[in-house]
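>>> The amino acid sequence is not available; the structure is as follows:
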């Protein structure tokens, strides 16, 4: 039998699977060795089950000390690369569930012809599926790469035709990279695509417990160092960052009430771009103009009203869409009374929770808020421990415009004071998120512990021009 | 009882207690406890040591798992030590133990206690457990999450199809006590964490009826940058220094 490639070679081959700009989750075991072969300036972020995002590893055998600041999924000593940050377990879970993780590299005990994933603990204790976050990752990552030896420690093949018992996750593995071959999980079985140097097809077949078809493009595994081109999220103007928003889009627009925490510059850009029939998800539907909030005399505050006045809004999903003063109605109020716009009123906490659910992969939830009121009409309710709850569904948008204080070029964002408000959850709950900041800095300039929105959620960054005024 | 209004507060300095034993004075036989930490990082060892010395048993322990701390330090205290001392009745965890074949054939306390029937184990995938705790801490009546593998519905929820995809219901999870490790606390319980020690600690702080924090540093009010605070003091009832 030819010589197997070492685990570093396997790691280099695995690393070639990732696109520039990806977040890649690395499970416990040998996947934790992948950062050893990836240059620290590569435009990739590795995610560990511990919540370290953008971590690296210098020495796989380093024992973590009692004050170890960064550990990987196996508890190995690691460090944070420039631009990395830390997630709590719940934020990690949310990131995984919403498909933000482009690829997960996991070490299963075995994989079947159908791509079923069987965790090693399941073999050891079949009555107990003790799988950590492997199930979360195998179910929700964009691609699942199984990185494992071709033959297990007991000498048996790790690639099998049929699972000996119920798999932990069925039909989830996309690619298998072993120390002898690369095998793709196809729709009708496993396809041998690459051979380790010196290996022939028959050698691989002899140690594989499942039928393999051979790809017409069968080639030798490329074990050279991988390379990525840098990616940039920085846009030169607000208009450039919003000009592909089509008519009919659902748009998250942040802000609490007044001028703080509102992406005025991007709102003006969206008005100038002119997309129509928009559904806006927002706390207010434009209140600053009627309340003033310190607006200089003779000026008006920029808020959502500029979109309403420009006939771009079809519907608002908001918690506070009317003026507190009946004699000074908002633009949205007038348009609503004129039958030009639709409205869905949602209590602020429920609105926040629905947006958070959209950004966390929670499809629906029960909340006690508004039970027994008009706002609960037509909605499913349930009674838990004598208390009534209303079923509310997740909200997600096509685009999101938010206001940060500073961002680094990877999109990590910090906020300032109460301008934080809806921004962090809205950023997670849209397909494309654009942030407007006072200043763009280099990765590493923001304290990793202070980052509120990880760059994973930010697609485009624009600087609010220093001479831009939130009044007109 | 609302969070933050601790009716049995013996503290003289805000929420700060003189010792872990004092902060756990009302921990009872049969209590359910949340214990922060991932692979030896961010584990509230001072509080776990106090549970050991108080000898309170029959506990339900909700945590990442009971694998021995990987730091190799014989002094490191994890949930495994509570199990070895016979204090834990039930373990709810994503990775309750690493089976013996992965640890050079040596079974951990959790594995032997489970096999001998003294320890009940409920496995919850990490993401689902985190979301159940978050639901408990956020006052929700439960959440519908995408079905994920065979472990998804182990907590007994219904499933339903929404827009062509299957979701499983998961009940909120709270516990009598949360034991949390922080890098620094102020005297009203605002917390910051360090590095990957953050892990389970913020969500568990939200989901404890009584949240007890051990911190490496305890500062006066104003000692923490408000923009840096991860857990607001409203979720924290008691603070003790880490030893």
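Okay, I see it. Nothing here was measured: the structure is a model prediction, and the numbers come from that model.
>>> right, is stretch B:199-215 up against chain A?
Yes. Applying CB under 8 Å from any CB of the partner chain, one finds stretch B:199-215 touching chain A at B:199, B:200, B:201, B:202, B:203. Using the backbone N, CA and C atoms, a C-beta is placed for each residue, glycine as well.
>>> Please indicate which of the residues you listed are buried?
Using 16 or more other CB atoms under 10 Å in any protein chain shown as the burial test, the residues of stretch B:199-215 next to chain A include B:199, B:200, B:201, B:202, B:203 as buried.
>>> Just to be sure, which of those are found in helices?
Under the assignment DSSP state H, those contribute B:201, B:202, B:203 to helices.
>>> Chain B: helices as residue ranges?
According to DSSP H, the helices that chain B contains are B:20-23, B:45-54, B:79-84, B:109-115, B:126-137, B:201-207.
>>> Redo those helices as a markdown table? Include distance to residue A:371.
A markdown table is the format used below for these (distance: least, CB to CB, whole Å):
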| stretch | distance to residue A:371 |
| --- | --- |
| helix B:20-23 | 36 |
| helix B:45-54 | 37 |
| helix B:79-84 | 38 |
| helix B:109-115 | 41 |
| helix B:126-137 | 16 |
| helix B:201-207 | 22 |
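>>> Looking at the buried ones among the residues of stretch B:199-215 next to chain A, spot the one nearest residue A:255.
residue B:202 (25.5 Å; CB to CB).
>>> so how many other residues sit close to the residue nearest to that closest one when sequence neighbours are not counted?
Setting aside the residues directly before and after it, residue B:202 is nearest to residue A:88 in space (CB to CB, 6 or more residues apart in numbering or on different chains), at 4.5 Å. Counted with other CB atoms under 10 Å in any protein chain shown, residues neighbouring residue A:88 total 23.
>>> so what's residue A:88 up against?
If you count contacts by CB atoms under 8 Å, 6 or more residues apart in numbering or on different chains, residue A:88 has them with A:51, B:198, B:199, B:200, B:201, B:202, B:203, B:230.
>>> any idea how far it lies from residue A:36?
Applying CB to CB, to the nearest Å, the value for residue A:88 to residue A:36 is 27 Å.
>>> Ok, residue A:242 next?
Taking CB to CB as the measure, residue A:242 and residue A:36 are separated by 41 Å.
>>> Between these two, tell me which one has more neighbours.
residue A:242 (25 against 16).
>>> Can you list phi and psi of that one for me?
Main-chain dihedrals, residue A:242, degrees, to the nearest 10: phi -120, psi 0.
>>> for chain B, which spans come out with low pLDDT?
Low-confidence segments of chain B (pLDDT under 70): B:1-13, B:69-74, B:100-105, B:148-157.
>>> Now do the nearest residue to residue B:35 once chain neighbours are set aside: how many residues are near it, please.
In this structure, residue B:35 finds its nearest non-sequential neighbour in residue B:63, 4.0 Å apart by CB to CB, 6+ apart. By the criterion of other CB under 10 Å, residue B:63 has 26 neighbours.
>>> Report the contact partners of residue B:63.
B:34, B:35, B:36, B:37, B:79, B:91, B:92, B:93, B:200.
>>> Please name the spatially closest residue to the fifth one (chain neighbours excluded).
Just to be clear, that refers to residue B:79. According to CB to CB, 6+ apart, the nearest residue to residue B:79 is residue B:66 (4.4 Å).
>>> ok, that neighbour - contacts?
Residues in contact with residue B:66 (CB under 8 Å, 6+ apart) are B:78, B:79, B:80, B:83, B:91, B:93, B:96, B:97, B:108, B:109, B:110.
>>> Pipe these into JSON lines and attach neighbour count and distance to residue A:25 per row.
Below are the contacts of residue B:66 laid out as JSON lines (neighbours: other CB atoms under 10 Å in any protein chain shown; distance: CB to CB, whole Å):
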{"residue": "B:78", "neighbour count": "27", "distance to residue A:25": "24"}
{"residue": "B:79", "neighbour count": "32", "distance to residue A:25": "25"}
{"residue": "B:80", "neighbour count": "23", "distance to residue A:25": "26"}
{"residue": "B:83", "neighbour count": "26", "distance to residue A:25": "29"}
{"residue": "B:91", "neighbour count": "26", "distance to residue A:25": "25"}
{"residue": "B:93", "neighbour count": "24", "distance to residue A:25": "20"}
{"residue": "B:96", "neighbour count": "30", "distance to residue A:25": "21"}
{"residue": "B:97", "neighbour count": "31", "distance to residue A:25": "23"}
{"residue": "B:108", "neighbour count": "22", "distance to residue A:25": "26"}
{"residue": "B:109", "neighbour count": "21", "distance to residue A:25": "30"}
{"residue": "B:110", "neighbour count": "28", "distance to residue A:25": "26"}
